[in-house]
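>>> Let's see this in three dimensions:
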Amino acid sequence: MARIAVIGAGMGAMAAAARLAVAGHRVAVYERTETYGGAVRRFERDGFAFDTGPGLLTLPAVYRDLFVKTGKEPLEDVVELVQVDPAARHVFADGTQVSLPNASRAGVVAALDEALGAGAGQRWGDFLVRAREAWDRTRRPLLEEPLWPNWQVLAEREPYPAVPHKRLLRTRRAGTPAEIGAWELRDERLAALLESHVLGYGLDPRTAPASAAVLPYMEHAFGTWYVRGGVRELARAVYERCLQRRVEFSFGAEVTGILEKDGRAAGVELADGSVAEADHVVADVDPARLRALTEHPLDADGDVRADDPVSPRPGRFTALLALRGGREPGAVHRTIVHAPDAETELDFLASPGGDRPVCPTVTVLRPDDPALTPDGAHESVVVSAVVSTEAAWEDEGTVRRYTDFLVEAAERAVPGLRERLLWHEVRSPVHTEEETGARSGVVPAPALAAGRGRFLYPANTTRLPGLYRVGGWSHPGGGLPHAGMSGALVAGLIVEGPEFRGSQ
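This next block holds a predicted model:
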């Protein structure tokens, strides 16, 4: 039985801790804040409750697998999963609206044909077929296997297939989602539909590789799910599974250094001056903070870049709205209100500046969940947008301007919103940094193949034996499902040994 110290109590860290404890190891988790879950948090006030991190779940199979492998109770026995249908309603800049069924290709094709005109649905359906090819080619090496030695193949090869060009009698390969929209979808609204999936994960559709097509495909193929009570309930379930497996948690315990002995990680130093010895250390922190915890070089030339894959990286601005009046019958759980000027929005995200910010693409979440409100005569709504982390978030004027953007967009999804508004709270990238420790409040995006490795994350192993990376800032990258996958990989690396680890 090995002693294992885990830095941080995010979803990836807890997933790894539960699996390692089941394998017979003694696992201790050290979290600098007073709670678990990382970015998966909850805000409560006056009987209202809100998810302040992810509000929906894709790839629930990742957490089903975690619960199967770590105990007798399956995931559905500890949380209630509800498939969101329709998956989303889109309100485009020209006023066109369309509601897309969840996990139904035929239903989506029919809805797009009716809303956007004959042929639009077929073009989107053909795109999903090509996106599936990209998914099939990258799923195992990108999500289910240690990165080394796969990363160079993933970095150099674009898995999104070339498409025959009818007029030129040759094939043409789109290099970005923006090119897919222009060359293959041939409708500004279909292009906006694709780009909103990419932007929603914090990526610029003009510079992300075409392999980002897997993001809308994942939602289409595996569905979009809501956790009854909020996604925070999933974090609670994982935390309780860890406790059942006798994982020890220390909250308010900031790790200030990684011990090294005989050329390998040997434990952690804490801010109170105490030391916890260990045979292995698992770190759920961003690369810069991890490097600050040890003088040992963790990366070398030829490794995947240890810094943020793309710079500047955006974060998320969220408004939590407490409304009087119940949710009307037939209300849609998720509405995407597209930016009035998508190009200007992307320009501002890539190079923030100028006198004033611009109106972003806004996501409105209206869960049909009594657990989130004091009674049936009220409604809890979460409104969010991807924003630049380089904006002046300490400035009240900037916060007020973005709040106005979000409320104005939400009015297109929530009837009579301003008249119903009791109060609101906002969560800027400053709050994200305070709660998660992520520099500037940056939210890690899922990893992608191609792009010369700029969209990959550091491997789970490091150049310091006994020290492993886990969570959103390590392979396979950001996103709630990816954190669970990362935890599985790290547990496998420690339990299975060098054969599982590969040549690194």
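
>>> how long is stretch 89-104 from one end to the other?
15 Å (CA to CA, to the nearest Å).

>>> How far away from the center of its chain is it?
22 Å (CA atoms, centre = their mean, to the nearest Å).

>>> and that stretch, average pLDDT?
The average pLDDT within stretch 89-104 is 95.

>>> per-residue confidence averaged over the helix ranked longest in the chain?
Using DSSP state H to define each element, the chain has its longest helix at helix 120-139. The average pLDDT for helix 120-139 rounds to 96.

>>> Keeping just the C-alphas, turn it into CSV.
Extracted C-alpha coordinates of helix 120-139, given in CSV (Å, rounded to 0.1, in the frame of the first residue of the first chain):
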residue,chain,number,x,y,z
ALA,A,120,-29.9,23.3,-44.2
GLY,A,121,-30.6,20.3,-42.1
GLN,A,122,-28.9,17.9,-44.6
ARG,A,123,-25.8,20.1,-44.7
TRP,A,124,-25.6,20.0,-40.9
GLY,A,125,-26.3,16.2,-40.9
ASP,A,126,-23.4,15.7,-43.4
PHE,A,127,-21.2,17.8,-41.2
LEU,A,128,-22.0,15.6,-38.2
VAL,A,129,-21.0,12.5,-40.2
ARG,A,130,-17.6,14.0,-40.9
ALA,A,131,-17.3,15.1,-37.3
ARG,A,132,-17.9,11.5,-36.2
GLU,A,133,-14.9,10.5,-38.3
ALA,A,134,-12.7,13.0,-36.4
TRP,A,135,-14.2,11.6,-33.1
ASP,A,136,-13.5,8.0,-34.1
ARG,A,137,-9.9,8.8,-35.0
THR,A,138,-9.0,10.7,-31.8
ARG,A,139,-11.2,9.3,-29.0
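
>>> Name the next helix or strand following it along the chain.
Reading on from helix 120-139 to the C-terminus, the next helix or strand found by DSSP states H and E is helix 151-156.

>>> So which elements touch that following helix?
Packing contacts for helix 151-156, counted by 3 or more CB pairs under 8 Å, 6 or more residues apart in numbering; DSSP states H and E, involve no helix or strand. Any C-beta I mention is one placed from the backbone N, CA and C, and that applies to glycine too.

>>> Residues touching that helix, excluding its own?
138, 141, 142, 147, 304, 449, 450, 451, 452, 453, 456, 459 (CB atoms under 8 Å, 6 or more residues apart in numbering).

>>> now stretch 251-269
Contacts for stretch 251-269 (CB under 8 Å, 6+ apart): 5, 7, 9, 30-36, 270-272, 275-281, 283, 293-294, 296, 464-467.

>>> Any of these buried? List them.
Among the contacts of stretch 251-269, those classed as buried by 16 or more other CB atoms under 10 Å are 5, 7, 9, 30-33, 35-36, 270, 276, 278-281, 283, 293-294, 296, 464, 466-467.

>>> Of these, which belong to strands?
Among the buried ones among the contacts of stretch 251-269, the members found in strands (DSSP state E) are 5, 7, 30, 31, 270, 276, 280, 281, 283, 467.

>>> separation between the third one and residue 256?
In other words, residue 30. 10 Å (CB to CB, to the nearest Å).

>>> what do those two both touch?
residue 270.

>>> In the stretch 251-400 of the chain, where is pLDDT below threshold?
305-312, 352-355 (pLDDT under 70).

>>> How about the stretch 401-504 of the chain?
Looking at the stretch 401-504 of the chain by pLDDT under 70, you get 497-504.

>>> And the strands in it, which stretches?
421-427, 467-469 (DSSP state E, counting those that start in this stretch).

>>> between the ones you listed, which one is nearest to residue 444?
strand 467-469 (12.0 Å; CB to CB).

>>> contacts for the closest one?
258, 264-265, 280-283, 287, 290, 294, 296, 298, 458-462, 475, 490, 493-494.

>>> ok, so of the ones in strands among the buried ones among the contacts of stretch 251-269, who is nearest residue 171?
Of those, the one sitting nearest to residue 171 (CB to CB) turns out to be residue 283, at 43.9 Å.

>>> Pull the contacting residues for that closest one.
Per CB under 8 Å, 6+ apart, neighbours of residue 283: 6, 7, 8, 258, 290, 293, 467, 468, 469, 470.

>>> I'd like those residues as a markdown table, with distance to residue 75 appended.
Listed next are those as a markdown table, based on distance: CB to CB, whole Å:
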| residue | distance to residue 75 |
| --- | --- |
| 6 | 22 |
| 7 | 26 |
| 8 | 22 |
| 258 | 33 |
| 290 | 30 |
| 293 | 33 |
| 467 | 30 |
| 468 | 25 |
| 469 | 25 |
| 470 | 20 |
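
>>> out of these, who has the most neighbours?
Among these, residue 6 has the most neighbours (other CB atoms under 10 Å), with 33 neighbours.

>>> Beta-bridge partners for it, please?
residue 29, residue 282 (DSSP bridges).

>>> mind checking pLDDT for it?
Reported pLDDT for residue 6: 98.

>>> ok now do it, which residues does it touch?
Taking CB under 8 Å, 6+ apart as the test, what residue 6 contacts is 13, 16, 17, 27, 28, 29, 30, 281, 282, 283, 284, 470.

>>> Please work out how many residues are found near the first one.
By other CB under 10 Å, 31 other residues sit near residue 13.

>>> Quick check: which helices or strands does the strand or helix carrying it pack against?
For residue 13, the host element (DSSP H and E) is helix 11-22. Helices and strands touching helix 11-22, as assessed by 3+ CB pairs under 8 Å, 6+ apart, comprise strand 3-7, strand 26-31, helix 61-70, helix 232-244, strand 280-283, helix 480-496.
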